[in-house]
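Engineer: Provided below for reference: sequence and predicted model.
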Amino acid sequence: MAPSVSTELTSDSQAKLLTIARDSIQHGLANSSSLRVSVEELPEVLLVQRGVFVTLTLEQKLRGCIGNMAATDPLPVAVSDAAFSAAFRDPRFTPLEAEELPQTRIEISVLSPSETLAVDNRYQLLEQLVPGVDGLVLRDGRHRATFLPKVWEQLPVADAFLEQLLHKAGLPGDHWSETLCFERYYATSFCEPV
């Protein structure tokens, strides 16, 4: 089982972050910019800096997913920016339309700090991966990609998970090199009710 990323995030804190995400998208529809979040009156637990991703789904299909592995802002600010970007800046999709928002479901993933995986070959990497738990970052020169732990739902076999991550980074599915490096992280994910 993955360690909890943020045990202090109560259901009230999670609900607050989900509200911020939705408010940021609504603000973006009206003003073409993300919501400026004031952190002055928020509880201290929300002011931690963590990597965060916001995933949007519409009719159970991906509609946008943007985030940042590096923690540079308090969670509410990071969530607001990621929600706006997922809705309007994901290059895989057209910008979200106002009529889509009511049916769009928002999920937030708060990330743990990442740890480097020391592996010499593909088989060592596959042995260390924990399906359903690990998020994975891949780097090789200018090639870079990540899969959140949630991607295991679509790719439950470690070899297929790795192959698709390599493709996402613009590399062949069987690629291996001495400069290839990996980092593992965990995520605490929560979403709006259905």
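Structural biologist: Received it, and whenever you're ready, just let me know what you need. Everything numeric in this text was worked out from a predicted model, so none of it was measured.

Engineer: domain ranges for this structure?
Structural biologist: 11-111, 115-186 (automatic domain parsing).

Engineer: Looking at these, which is nearest to residue 192?
Structural biologist: domain 11-111 (5.2 Å; CB to CB). C-beta coordinates here come from the backbone N, C-alpha and C atoms, glycine included.

Engineer: mind listing what the closest residue to residue 164 other than its chain neighbours touches?
Structural biologist: In space, residue 164 comes closest to residue 155 once its chain neighbours are excluded; the distance is 5.7 Å by CB to CB, 6 or more residues apart in numbering. Counting by CB atoms under 8 Å, 6 or more residues apart in numbering, residue 155 touches 147, 161, 164.

Engineer: now residue 155: how far from residue 131?
Structural biologist: Using CB to CB, to the nearest Å, residue 155 is found at 9 Å from residue 131.

Engineer: joint contacts of those two?
Structural biologist: Contacts common to residue 155 and residue 131, judged by CB under 8 Å, 6+ apart, are residue 161.

Engineer: what sits up against the helix or strand in which residue 144 is found?
Structural biologist: Using DSSP states H and E, residue 144 falls within strand 143-147. Contact partners of strand 143-147, identified using CB under 8 Å, 6+ apart, comprise 69, 135-138, 155, 161, 164-166, 168-171.

Engineer: Could you tell me which strands sit next to it in the sheet, and their orientation?
Structural biologist: strand 135-140 (antiparallel) (DSSP bridges).

Engineer: how about the CA coordinates for stretch 26-46, as CSV?
Structural biologist: This file holds the C-alpha atoms of stretch 26-46, laid out as CSV (Å, rounded to 0.1, in the frame of the first residue of the first chain):
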residue,chain,number,x,y,z
GLN,A,26,-15.9,28.9,-14.2
HIS,A,27,-13.8,32.0,-13.8
GLY,A,28,-11.8,30.9,-16.9
LEU,A,29,-15.0,30.6,-18.9
ALA,A,30,-16.0,34.1,-18.0
ASN,A,31,-12.6,35.8,-17.9
SER,A,32,-10.1,33.7,-19.9
SER,A,33,-7.8,33.4,-16.8
SER,A,34,-7.4,31.2,-13.8
LEU,A,35,-9.0,32.3,-10.5
ARG,A,36,-6.6,34.2,-8.2
VAL,A,37,-6.8,32.4,-4.9
SER,A,38,-6.3,34.2,-1.6
VAL,A,39,-4.7,31.9,0.9
GLU,A,40,-4.9,34.3,3.8
GLU,A,41,-8.0,32.8,5.3
LEU,A,42,-7.4,29.1,4.5
PRO,A,43,-6.4,26.5,7.0
GLU,A,44,-2.7,25.9,7.4
VAL,A,45,-3.1,22.3,6.2
LEU,A,46,-4.0,23.6,2.7
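
Engineer: contacting residues around that stretch?
Structural biologist: Outside stretch 26-46, the residues touching it (CB under 8 Å, 6+ apart) are 8-10, 13, 16-17, 20, 23-24, 47, 74-77, 80-81, 83-85, 87-88, 96, 98, 101.
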